[in-house]
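> Quick one, structure for this:
(2 chains)
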Number of protein chains: 2
Amino acid sequence: MAADPTDDAYDDLTRRYERISNIEGAAGILSWDQEVMMPEGGTPARSGQLSALSAVSHDLLTDEGMGEALDALESSDLDDREAAVVREVRRQYERSTRVPTDLVEEISRTTSEALPVWKEARAEDDFSKFAPVVEDLVDLKREYAEHIDPDRPAYEVLFEDYEPYLGLDTTERILERLREELVPLIDEVRESDVDLATPFSGTFDTDTQEALSRDALDTLGYDWDRGRLDVAPHPFSMGTTFDARVMTRYDEADMLGALTSTVHEFGHATYTLGLPDEEYGTPLGENRNLSVHESQSRLWENHVARSQPFWELFLPQVKERFSGLDDATPRDAYEAANTVHEDNLIRVEADELTYHMHIVLRFEIERELIEGDLDVAEVPQVWNDKMEEYLGVRPETDAEGCLQDIHWSHGTFGYFPTYSLGSVLAAQLYASADDEIDGLEGEIGSGNFDPLHDWLTENVHRHGKRYTTPDLIEEATGEPFAADDFLDYVTAKYGALYDL
Amino acid sequence: MAADPTDDAYDDLTRRYERISNIEGAAGILSWDQEVMMPEGGTPARSGQLSALSAVSHDLLTDEGMGEALDALESSDLDDREAAVVREVRRQYERSTRVPTDLVEEISRTTSEALPVWKEARAEDDFSKFAPVVEDLVDLKREYAEHIDPDRPAYEVLFEDYEPYLGLDTTERILERLREELVPLIDEVRESDVDLATPFSGTFDTDTQEALSRDALDTLGYDWDRGRLDVAPHPFSMGTTFDARVMTRYDEADMLGALTSTVHEFGHATYTLGLPDEEYGTPLGENRNLSVHESQSRLWENHVARSQPFWELFLPQVKERFSGLDDATPRDAYEAANTVHEDNLIRVEADELTYHMHIVLRFEIERELIEGDLDVAEVPQVWNDKMEEYLGVRPETDAEGCLQDIHWSHGTFGYFPTYSLGSVLAAQLYASADDEIDGLEGEIGSGNFDPLHDWLTENVHRHGKRYTTPDLIEEATGEPFAADDFLDYVTAKYGALYDL
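Predicted coordinates:
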């Protein structure tokens, strides 16, 4: 029997891709180790190891043989599954081969150098120290985008590194709608006389907080055989379907913050654990992208862990861990978990409502930077004006304003919008799950998370990258992607909380 | 100015090698994580990641460009440092290119499958279950050796994977001399009426043992900024000069065993930390080989942590951690750390004297297996006969006999001798250090380990792979490699302990 050349090319493609995928998984473990385990002195070796892995992965992806396999499969007869694999590999191949290696290396070098500059500028509260690096990175990333597609706006091309399929026009529409509808709602909340309960003021021992985070992961059904919980300077999640880990941090003065971070990262890890084992090493065994990933973390953080039924279930566990909470009611805890604070300067501390104004502001600024419509030097002024306009507060320092995020020092312009897209998608998915699962709130209140896990696995996780983002959303919810469910959700929730 | 083609080829060679070195460092971290941190379910992804790294590293090493760079440097004018780099890279290149990739993969597959078979056979105490796998591995490794050098005995070629320069003839002479001199000494010890003290009988809380291991590492001068201590199923050490970690295990009933394991692995880690930072990523920044590595672990374990001055220093710290030891004297502890036990069946539990008979036995058996002079089925009988001859005890089960070690399931025939070579070398190095450092024992007794660290760094660590093993030993000690110092040391030590 003659070998089918399509089969050969497809096998070659998936073998190559599996190796790349494993190399990237190895880099994930090294990064995890660096954040969580590595002694301080280990940096020089770790930098060398990570850049070797990244170079190897780039070489494997842009190898001539990869291009030949893709070309051989161009007009061949593939089933849906194979066609999705080829679509995703081709997309990565095209983007990688179009950008010259020298430029990739220059970006990598510049971002390595940018990180300490950003840290220093933030420590000294002086954006002008960071500005020259941002200028370099803006230029480099603009050049990068031009190599990928000289015919489209650079910001649009950069955005597609993080969300390849929803389109910047859709994203812009969504973000504009959030701004239009949330700014007046936030004003109403700020004017409301309602004072929400503050049952968790005071300090909470961090070791006990860790035990409580473990309780929360137990309660939500984290699979400890395929995961672990550790402390890191910033909460994150990392891994494969066989081993997806959660990292969080504890602050004596902010027990709720640590808990919601843990649940947020649990949501990410749960997505990873729900990817199909049998597709490990193919694009179908990978998360769809950042927007969908963020929808999973926010669904568990916001729709579950900031809900009244969750606190009916979980508050008794908090009381078992900490004394002095006897009088707290689930309603108090629910209120505390959903308070809109006045001094709302820091994105990562924001509530579900004001959070998106932090994103809209960053989106507007970074797009203008990349498109050349805003000078880097003007960022602090524009930032502060927008804060005042959208949130009614004005940062008094750069550290509390335009220097608060690490992202630009990484050169990841176009990343911020995925956070809001994730929230919006979380609401749309949760609304569908709620429609399809009998008594979902009751199940959550009684600690049965299986129906929600099953729904998410069935409709989102198990597909990996099989569908594009819009198709995945339509398959899961029966509707195109839209902000309605999110706006309904926050309007109802905050309306009730603040008597609007 | 025209570029010097030698410089170009040398730069190309070192760039290539640095990448390989970083990839192998990454694999080290992944293996560490697998032993120490990884949740159980992570195995499928980890196997894939490790085999991808190993394939990439093999591809980089055997790349045509590597051969061209080596050829270009063949007759060029290199300084000593460069010549050593080229010698070491060429050796690895030659060995890797001579073995067909198919065979490498078959060996890798067979050893992966062998591990669970060995575990099961050991659990069921039945060597016949393990025998077919050993037969396969013997055949495969013989074939592997023939590819590397068909003109020399296969075992000699295999041995050089672990100790490339001392030569099997020298090794054999050393091992034979150990057998000739130690068997009668062991007989004398067994016939001695002396009963050594047993101050550490009873059980010891393992958390407190961990604290004590940290005390020991503090005392010996472990650099915590470039290391960490964790628990693993088997003690080991892993890392680079920037980050060399220690893993140990704790047994309630064997406090001394955990402590000496920690110090042993500290010795390995200290060698790695002493490698020259500025040579990271070149062979001159790598440990010489297993024999020299083992000399460092055994020097700290045996010559330091089993010495009377060490126990004068350290016993008070043990007493601070554990109650009930008020009557114990440093002499008691010294005796306990050097007891030759009657039921001496297990290699890893053996004292400094009988240990080498465990090695001689394995060396004799595995060489005969590889050379075709012994059938695998005969191993249990031969093993037990030799145990009786060399150690005066006969295992009653395969689990306590020829199934106790993991090594053959890894296919690492030729590895065992490096353990004894390491001990012998440790004694030779320690004798030289003792000659050259004023009052070394006094320094140890007073907790000043700097002179010993400095001597080892200066004479061994900082050279990396610059010298071949025999040259390194002559440079460090002024003498060729020999067993005299070791035999003098054990004869004096055990003679005094057992009144011989």
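> any idea how chain A splits into domains?
With domains defined by automatic domain parsing, chain A comprises A:1-98, A:144-500.
> could I get these as CSV with mean pLDDT?
Converted to CSV, these look like this (pLDDT from 0 to 100):
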stretch, mean pLDDT
domain A:1-98, 93
domain A:144-500, 97
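> Now render those as CSV, adding mean neighbour count and distance to chain B.
For glycine as for every other residue, the C-beta is placed from the backbone atoms N, C-alpha and C. Converted to CSV, those look like this (neighbours: other CB atoms under 10 Å in any protein chain shown; distance: least, CB to the nearest CB, whole Å):
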stretch, mean neighbour count, distance to chain B
domain A:1-98, 17, 3
domain A:144-500, 19, 3
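> Please convert those to CSV, extending it with distance to B:Ala123.
As requested, the domains of chain A are exported to CSV (distance: least, CB to CB, whole Å):
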stretch, distance to B:Ala123
domain A:1-98, 30
domain A:144-500, 22
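> And those: which comes nearest B:Ala426?
domain A:1-98 (26.7 Å; CB to CB).
> Now do that closest one: distance to the chain's middle.
22 Å (CA atoms, centre = their mean, to the nearest Å).
> re earlier: figure out which of the domains of chain A is closest to B:Ile20.
Proximity to B:Ile20 (CB to CB) singles out domain A:1-98 among the domains of chain A, at 8.4 Å.
> which non-adjacent residue is nearest the residue nearest to the spatial centre of chain A?
By CA atoms, centre = their mean, chain A has its centre lying nearest to A:Glu294, at 4.0 Å. Excluding the flanking residues, the one nearest A:Glu294 by CB to CB, 6 or more residues apart in numbering or on different chains is A:Gly422, at 2.4 Å.
> tell me how far the ends of stretch A:154-165 are from each other?
Start-to-end span of stretch A:154-165 (CA to CA, to the nearest Å) is 16 Å.
> Not counting it itself, show me its contacts.
Residues outside stretch A:154-165 that contact it (CB atoms under 8 Å, 6 or more residues apart in numbering or on different chains) are A:91, A:95, A:141-142, A:144-146, A:148-149, A:168, A:171, A:289-291, A:366-367, A:370-371, A:412-415, A:417-418, A:421, A:468-470.
> Could you tell me which of the residues you listed belong to strands?
Using DSSP state E, no member of the contacts of stretch A:154-165 falls within strands.
> Sitting in helices, which of the residues you listed do you find?
The members of those that map onto helices under DSSP state H are A:91, A:95, A:141-142, A:144-146, A:148, A:168, A:171, A:290-291, A:366-367, A:370, A:417-418, A:421, A:469-470.
> is it fair to say A:Arg245 lies in a strand?
Yes - A:Arg245 sits within a strand when classified using DSSP: H, G, I helix; E, B strand; the rest coil.
> unless I'm mixing things up, it is touching A:Val231, no?
No - contact criterion CB atoms under 8 Å: A:Arg245 and A:Val231 do not qualify, at 11.7 Å.
> quick one: contacts for the residue nearest to A:Glu294?
So A:Gly422 contacts A:Leu290, A:Ser291, A:Val292, A:His293, A:Glu294, A:Ser295, A:Gln296, A:Ser297, A:Arg298 (CB under 8 Å, 6+ apart).
> Need the single longest helix in chain A, by residues.
Per DSSP H, chain A has its longest helix at helix A:5-36.
> Show me what that helix packs onto, helices and strands only.
On a contact count with 3 or more CB pairs under 8 Å, 6 or more residues apart in numbering or on different chains; DSSP states H and E, helix A:5-36 meets helix A:43-61, helix A:64-73, helix A:80-98, strand A:236-240, strand A:243-248, helix B:5-36, helix B:43-61.
> and these as CSV, adding distance to B:Leu115?
Output for those, formatted as CSV (distance: least, CB to CB, whole Å):
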stretch, distance to B:Leu115
helix A:43-61, 26
helix A:64-73, 33
helix A:80-98, 33
strand A:236-240, 22
strand A:243-248, 19
helix B:5-36, 13
helix B:43-61, 11
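> right, and the ones you listed - which one's nearest B:Thr208?
helix B:5-36 (20.6 Å).
> tilt between the closest one and helix B:43-61?
170 degrees (axes from the mean of the first three to the mean of the last three CA atoms, to 10 degrees).
> Return the angle between stretch directions for helix B:5-36 and helix B:64-72.
130 degrees.
> residues touching the closest residue to A:Ala337 other than its chain neighbours, list them.
Take A:Ala337 and drop its neighbours on the chain: the residue closest to it by CB to CB, 6+ apart is A:Arg306, 4.6 Å away. Contact analysis of A:Arg306 by CB under 8 Å, 6+ apart lists A:Thr260, A:Tyr334, A:Ala337, A:Asn338, A:Glu352.
> try A:Ser432
Per CB under 8 Å, 6+ apart, neighbours of A:Ser432: A:Asn459, A:Ala476, A:Thr477, A:Gly478.
> Now do the same for it: helix, strand or coil?
For A:Ser432, the assignment made with three-state DSSP gives helix.
> In CSV: the contacts of A:Ser432, plus secondary structure.
Shown next, in CSV, are those (three-state DSSP):
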residue, secondary structure
A:Asn459, helix
A:Ala476, helix
A:Thr477, helix
A:Gly478, coil
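> In terms of distance to B:Ala121, which of those residues ranks first?
Looking at the contacts of A:Ser432 and their distance to B:Ala121, the nearest is A:Asn459, at 46.6 Å (CB to CB).
> Give the next helix or strand downstream of the helix or strand A:Ser295 falls within.
Using DSSP states H and E, A:Ser295 sits within helix A:290-298. Per DSSP H and E, helix A:290-298 leads on to helix A:308-321 as the next helix or strand towards the C-terminus.
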